[in-house]
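Student: pasting the structure only:
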């Protein structure tokens, strides 16, 4: 190893580490964080009078749809409306009182549990509270 | 190395690179006592490239709406890995860029490097400086925080003082009568599309001129030469370019240190219905102007003080553009002390009023 090669080596190592110090943060920055965006914790989903018994409505829960169901018994339930199979948006079937995903015929009961079809997991449950006339849905 | 030379050979066979090779081999940088100032242009260019790169990265997460802008920046600095670093680099580099551009301009001014045949290089450079100020002004609003919101209100309403075209210009800038989400959309378009496109073209021209004409040598140095004597030169490649890279290294180290130790504050989200917070002020490079306007009496000789101030700044900007054409002496290769004095006075005024404005705010 002569003097020139030694100095070239040091210079090369310097440039390489500078490059690494730039590339690594940029690379990490490019990967979106897990949440992808600010997670919504709580929204006013509807007015109490808007949901009749044995019906449901979709509401915006942050960037994702939520499903607010009033069971035939009059009880309020809320779920993330994102099917656990391939992320289609589910809907309420009043004739069987079940939650149904039209994409691949997944069926959930009114507790969000899978009844039949391909969904691997129950729907994510959200907490429902009534505040005055507003129905507030939140993630616990 | 063998691979590199084979690639060059391959390209050479097809594109005939002899011109380029000749240019690289022949290009020299004159050596004299003032050559340090040459680096300022390179550093400005480097910081501009940092701005482009970090700006593109910020675009991946930023959302240009009054409902989401603040939150998205907050998201970038708190949730995204190294998001704080990218944003701080962008903010700091913006400030250093403007500082470097001003320093570059003043060094060119005092060395009279704008004189014939480099008039167009100067003109394109001054317009680039105006564009950088435009970048600064439009970018300041994008995080949609209290300070930037009200600073933009003040800044755009100053435009309203321009006679005749002022009021419609304010509406045009704001996208309405007030600073709203519409203003944000406009400033965003300006900041990430219109200004970059214009700056790229101007910068290309500016660099082309510099390459075609080579580096200017100060009048004093030229006059000190004996008849027949030539100034010593340093090869541009690799000697000068390596020195340039060294300066860029210093710039990047400064940036990284500032970004890490002095994070840029995000402040509170803009609220059009909130009272103006205390200590409202524009970015430092507008402070001198801002403070001058503040000091002007409301009426001067029957005319609105603010209007006169804005017109004076407009006139100063116009004079700045045509400096090479005003300085006939320098074009003949003679010293022009009158312009030097004028430059010194302008510099003193800018520094003094920036400091006073800073203390007053």
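Tutor: Looks like it came in fine. For clarity, every value in this text was computed on a predicted model and none was experimentally measured.
Student: count residues in the vicinity of residue A:20, would you?
Tutor: Around residue A:20 sit 11 other residues, with neighbours defined as other C-beta atoms under 10 Å in any protein chain shown. For glycine as for every other residue, the C-beta is placed from the backbone atoms N, C-alpha and C.
Student: name the residues that touch the host helix or strand of residue B:324?
Tutor: According to DSSP states H and E, residue B:324 maps onto helix B:323-326. Helix B:323-326 is contacted from outside by B:109, B:114, B:115, B:116, B:118, B:119, B:122, B:123, B:319, B:330, B:331, B:339, using C-beta atoms under 8 Å, 6 or more residues apart in numbering or on different chains.
Student: now with 7 Å?
Tutor: By C-beta atoms under 7 Å, 6 or more residues apart in numbering or on different chains, the list of residues contacting helix B:323-326 from outside reads B:114, B:115, B:119, B:122.
Student: quick check: the last one touching residue B:115?
Tutor: No. In this structure, residue B:122 sits apart from residue B:115 without contact. The criterion is C-beta atoms under 7 Å, and the distance is 8.8 Å.
Student: which strand residues bridge the most centrally placed residue in chain A?
Tutor: Closest residue to the average C-alpha location of chain A: residue A:64 at 6.0 Å, with C-alpha atoms, centre = their mean. As for beta bridges, residue A:64 partners with residue A:61 under DSSP bridges.
Student: what's the pLDDT at it?
Tutor: We have a pLDDT of 82 for residue A:64.
Student: please apply the same query to the one 10 residues further on.
Tutor: Listed pLDDT for residue A:74 reads 89.
Student: mind checking how far residue B:354 is from residue B:282?
Tutor: Look at residue B:354 and residue B:282: by C-beta to C-beta, to the nearest Å, they are 11 Å apart.
Student: higher neighbour count, those two?
Tutor: residue B:282 (23 against 18).
Student: would you confirm that the more buried one contacts residue B:291?
Tutor: No. Counting by C-beta under 7 Å, residue B:291 is not a contact partner of residue B:282; they are 9.8 Å apart.
Student: quick one: the helices in chain A?
Tutor: Listed in chain order, the helices of chain A (DSSP state H) span A:3-30.
Student: poorly predicted segments of it, please.
Tutor: A:35-40 (pLDDT under 70).
Student: domain ranges for it?
Tutor: A:1-31, A:42-138 (automatic domain parsing).
Student: for residue B:41, find the nearest of those.
Tutor: For the domains of chain A, proximity to residue B:41 was assessed by C-beta to C-beta; domain A:1-31 is nearest, at 22.1 Å.
Student: which of the residues in that closest one are classified as buried?
Tutor: Across domain A:1-31, burial judged by 16 or more other C-beta atoms under 10 Å in any protein chain shown covers A:25, A:29.
Student: cool, stretch B:225-233 as well?
Tutor: So, applying 16+ other C-beta under 10 Å, buried residues of stretch B:225-233: residue B:233.
Student: residue B:33: what secondary structure?
Tutor: Taking DSSP: H, G, I helix; E, B strand; the rest coil as the rule, one finds residue B:33 in the coil state.
Student: with adjacent residues omitted, what lies nearest to it?
Tutor: Nearest residue to residue B:33 in three dimensions, chain neighbours excluded: residue B:221, at 7.1 Å (C-beta to C-beta, 6 or more residues apart in numbering or on different chains).
Student: and what of residue B:174?
Tutor: residue B:183 (4.6 Å).
Student: helices and strands around the longest helix along chain B, which ones?
Tutor: The longest helix of chain B (DSSP H) is helix B:83-110. Judged by 3 or more C-beta pairs under 7 Å, 6 or more residues apart in numbering or on different chains; DSSP states H and E, helix B:83-110 is in contact with helix A:3-30, helix B:39-59, helix B:69-78, helix B:119-141, helix B:241-261, helix B:337-360.
Student: and the longest one, does that touch chain B?
Tutor: If I follow you right, that is helix A:3-30. Yes. Helix A:3-30 reaches chain B (C-beta under 7 Å from any C-beta of the partner chain) through A:25, A:26, A:28, A:29.
Student: farthest pair in those residues?
Tutor: Spatially, the most separated pair among the residues of helix A:3-30 next to chain B is A:26 and A:28, at 7.4 Å (C-beta to C-beta).
Student: overlap in contacts, the two.
Tutor: Counting by C-beta under 7 Å, 6+ apart, nothing touches both residue A:26 and residue A:28.
Student: number of nearby residues for the residue of the stretch 101-250 of chain B found nearest chain A?
Tutor: Relative to chain A, the nearest point of the stretch 101-250 of chain B is residue B:249 (7.5 Å; C-beta to the nearest C-beta). Residues near residue B:249, counting by other C-beta under 10 Å, number 14.
Student: returning to what we had before: out of the contacts of helix B:323-326, which is nearest to residue A:94?
Tutor: residue B:122 (76.1 Å).
Student: residues contacting the closest one?
Tutor: Applying C-beta under 7 Å, 6+ apart, we find residue B:122 in contact with B:108, B:114, B:323, B:324.
Student: which of these ranks first by neighbour count?
Tutor: residue B:114 (24 neighbours).
Student: hang on, isn't that one packed against residue B:105?
Tutor: No. Using C-beta under 7 Å, residue B:114 is not in contact with residue B:105; the gap is 9.5 Å.
Student: point out where the stretch 201-350 of chain B drops to low pLDDT.
Tutor: For the stretch 201-350 of chain B, no stretch has pLDDT under 70.
Student: what about the helices in it?
Tutor: Applying DSSP state H, counting those that start in this stretch to the stretch 201-350 of chain B gives helices spanning B:219-224, B:241-261, B:284-295, B:305-321, B:323-326, B:328-331, B:337-360.
Student: could I get those helices as CSV with distance to residue B:156?
Tutor: Below are the helices of the stretch 201-350 of chain B laid out as CSV (distance: least, C-beta to C-beta, whole Å):
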stretch, distance to residue B:156
helix B:219-224, 42
helix B:241-261, 29
helix B:284-295, 12
helix B:305-321, 12
helix B:323-326, 29
helix B:328-331, 38
helix B:337-360, 19
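Student: out of those helices, which comes closest to residue B:71?
Tutor: Evaluated over these, closeness to residue B:71 peaks at helix B:241-261, with 21.8 Å, by C-beta to C-beta.
Student: how much does that closest one deviate in direction from helix B:83-110?
Tutor: If you take axes from the mean of the first three to the mean of the last three C-alpha atoms, to 10 degrees, helix B:241-261 sits at 130 degrees to helix B:83-110.
Student: in helix B:241-261, what counts as buried?
Tutor: For helix B:241-261, by 16+ other C-beta under 10 Å, it's B:243, B:244, B:247, B:248, B:251, B:252, B:255, B:256, B:258, B:259.
Student: stretch A:45-64 now?
Tutor: Neighbour-count burial for stretch A:45-64 flags A:45, A:46, A:51, A:56, A:57, A:58, A:59, A:61, A:62 (criterion: 16+ other C-beta under 10 Å).
Student: now what about it, what contacts it?
Tutor: A:37, A:39-40, A:43, A:65-70, A:72, A:74, A:78, A:80-82, A:92, A:94, A:97, A:130, A:133-135, A:137.
Student: which ones among these are found in strands?
Tutor: Within the contacts of stretch A:45-64, residues falling in strands by DSSP state E are A:43, A:65-70, A:78, A:80, A:92, A:130, A:134-135, A:137.
Student: one step back: next, the buried residues of the longest helix of chain B.
Tutor: B:83-102, B:104-110.
Student: spell out which parts of the stretch 51-200 of chain B neighbour chain A.
Tutor: B:57, B:71, B:75, B:79, B:80, B:81, B:82, B:83, B:85, B:86.
Student: test my guess that the fifth one contacts residue A:29.
Tutor: Right, the one you point to is residue B:80. Yes. Taking contacts as C-beta under 7 Å, residue B:80 lies within contact range of residue A:29: 6.0 Å.
Student: who touches residue 88 in this structure?
Tutor: Since no chain was named, I'll use chain A. Counted by C-beta under 7 Å, 6+ apart, residue A:88 has contacts A:101, A:102, A:103.
Student: that's the other chain; I wanted chain B
Tutor: So residue B:88 contacts B:259, B:263, B:264 (C-beta under 7 Å, 6+ apart).
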